[in-house]
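Q: sequence first, then the predicted structure:
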Amino acid sequence: MVESQIKEGQPGIAKAALFGLCPQCGAKTLFAGIARFSDRCGNCGLDYSAFNVGDGPAALLTMLIGAFIILLAIATDIAGRPPFWVHVIIWVPVTAALTLVSLRVAKSALLAAEYRNRAREAGRSDLL
Ligand SMILES: [Zn+2]
């Protein structure tokens, strides 16, 4: 089972994360929406709903992107002293786009890593 899951044609975690690839067959079937997983791979049938990436990526990305955007906004303000509405029309869409793109990448990376490491919830059989 361990060796049978690692076959030729499987994308690496980074490649699967960047392009939303199925970690088992490499088809571009991971996402059904912008940042929402499909139920299963349309190519090989891997059940994506069995993986649970949770809210870890969202919490981490909120902090990282928030800090990054604030630094950029402060730098912009110091550099050019633009009126407030300029900040609004720049940083609101930039924040939304960065969040969606990075959430997509982070969620796929976690799912691919879970697939690679066969991570799952502990059960009774793990105690023995
Ligand atoms: Zn697949």
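A: Arrived safely, thanks for sending. Numbering: from 1, shown residues only.
Q: list the beta-bridge partners for residue 47.
A: Note on residue 47: beta-bridge partners residue 40, judged by DSSP bridges.
Q: hmm, it is touching residue 38, no?
A: No. The pair residue 47 / residue 38 is not scored as a contact, 10.1 Å apart, by Cβ atoms under 8 Å. From N, CA and C alone the C-beta is placed, and that goes for glycine too.
Q: please list all residues in contact with residue 94.
A: Neighbour list for residue 94: 69, 72 [criterion: Cβ atoms under 8 Å, 6 or more residues apart in numbering].
Q: so it belongs to a helix, correct?
A: Yes. Judged by DSSP: H, G, I helix; E, B strand; the rest coil, residue 94 forms part of a helix.
Q: ok, it to the ion distance?
A: Between residue 94 and the ion the computed distance is 33 Å (Cβ to the ion, to the nearest Å).
Q: same check, this time on residue 41
A: Counting by Cβ to the ion, the gap from residue 41 to the ion is 3 Å.
Q: which parts of the protein sit against the ion?
A: 22, 24, 25, 27, 41, 43, 44, 46 (Cβ under 5 Å from the ion).
Q: list the contacts of residue 24.
A: Residue 24 makes contact with 5, 10, 41, 44, 46, 115 under the criterion Cβ under 8 Å, 6+ apart.
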